[in-house]
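# Model the structure of this input:
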Amino acid sequence: MTTVAVLCDPPRPGLVLPDLVDSSPLSSEEAADLYAAMLGDVCRAVETSGGELLVNYRDDDALPVDGEGSAEAEVRSVVRNALSDPDEARFEVQVGETFAGRAGNTATHLLDGEGVTSVAVVEPTAAFLARSHVDNAAMKLRSSAVVLGPSTRGRVYYAGFRETVDFDAAYTAPEVETLTDRGLDAGHDVDYLPMLPVVETGDDLADALALIRARQRAGRIVPQMTAAALDDIGVTVVGEGDDLSIAR
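Predicted coordinates for the structure are as follows:
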């Protein structure tokens, strides 16, 4: 069983998805709603898989934006509404100054401190993560000590480890190359999952929304909470030659 750590922030306007707000018509409030929906979809995917869900959140002392409640309460509220059995999720505070540091501290603690078989790090922006991806990665981790899920522009939506690596600045762009090198430098085999989109910018959102709309029309599975949030926000994809953009 792989412990899947979802590294997240409370879905507060002005805190989450700042690049998306700067590069799309979405307001900071709408971006926060979308982030909460994606967090719910990712946690639900892990819950329905063979993995163990760990929700790893940044505490209030580490956040520059205050919320209406505590960070833990805000995150727990989103996860509770997404899961069929909220008691199956563990909640822990992230430790570290950078994302790579927090990811590394989580992975190292679980592998060395708790003796779990394997650990994976994902973020809410990986809205298209599904049960099949989590279970496929768990199978790959039996033969390869590092398994990565590549996304566009050299990013990763999933990073799984059976052994530790040097996590210092391990998420330096292009993330997929840097994490691969860290695995190889530690003497580990590295394997990969199919490519999936992440949603961090306006361009990402255009790609994701086009895929969601196409899959809906074809009667295929979509991240349900994310799709519903985008319906509520009321955005569409507009083709401009070879480019896509988001419009209302």
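
# residue contacts, residue 29?
Contact analysis of residue 29 by C-beta atoms under 8 Å, 6 or more residues apart in numbering lists residue 13. Just so you know, the C-beta spots here come from the backbone N, C-alpha and C atoms, and that holds for glycine as well.

# Show residues contacting the one helix or strand residue 54 maps to.
Assignment of secondary structure by DSSP states H and E places residue 54 within strand 52-57. Outside of strand 52-57, the residues that reach it under the criterion C-beta under 8 Å, 6+ apart are 1-10, 43, 46-47, 71-72, 75-76, 79, 83, 88-94, 102, 106, 110, 116.

# May I see the ChimeraX selection of the buried members of these?
To isolate the buried subset of the contacts of strand 52-57 in ChimeraX, counting by 16 or more other C-beta atoms under 10 Å, use the following:
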select :2,3,4,5,6,7,8,9,10,43,46,47,71,72,75,76,79,83,89,94,102,106,110,116
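
# ok, back up a step: from the middle of its chain, how far away would the strand holding residue 54 be?
The chain centre lies 11 Å from the centre of strand 52-57; the measure is C-alpha atoms, centre = their mean, to the nearest Å.

# Quick one: low-confidence residue ranges for the protein.
Low-confidence segments of the chain, defined by pLDDT under 70, are absent.

# pull the longest helix from it.
Using DSSP state H to assign secondary structure, the helix with the most residues in the chain is helix 28-48.

# returning to that earlier point: strands paired with the strand holding residue 54, and their directions?
When sheet partners are counted by DSSP bridges, strand 52-57 sits next to strand 2-8 (parallel), strand 90-93 (parallel).

# Arrange these in JSON lines, one row each, with distance to residue 213 as further columns.
Rendered in JSON lines, the data for the strands paired with strand 52-57 read as follows (distance: least, C-beta to C-beta, whole Å):
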{"stretch": "strand 2-8", "distance to residue 213": "26"}
{"stretch": "strand 90-93", "distance to residue 213": "34"}
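
# right, and those - which one's nearest residue 170?
strand 2-8 (13.2 Å; C-beta to C-beta).

# contacts for the closest one?
Contact partners of strand 2-8, identified using C-beta under 8 Å, 6+ apart, comprise 39, 42-43, 46, 49-58, 75, 94, 99, 102-103, 106-107, 110, 116-124, 134, 137-138, 141, 160.

# and with 7 Å instead?
If you take C-beta atoms under 7 Å, 6 or more residues apart in numbering as the criterion, strand 2-8 is touched by 39, 42-43, 46, 51-57, 75, 94, 102-103, 106, 110, 116, 118-124, 134, 137-138, 141, 160.

# Appreciated, that's everything.
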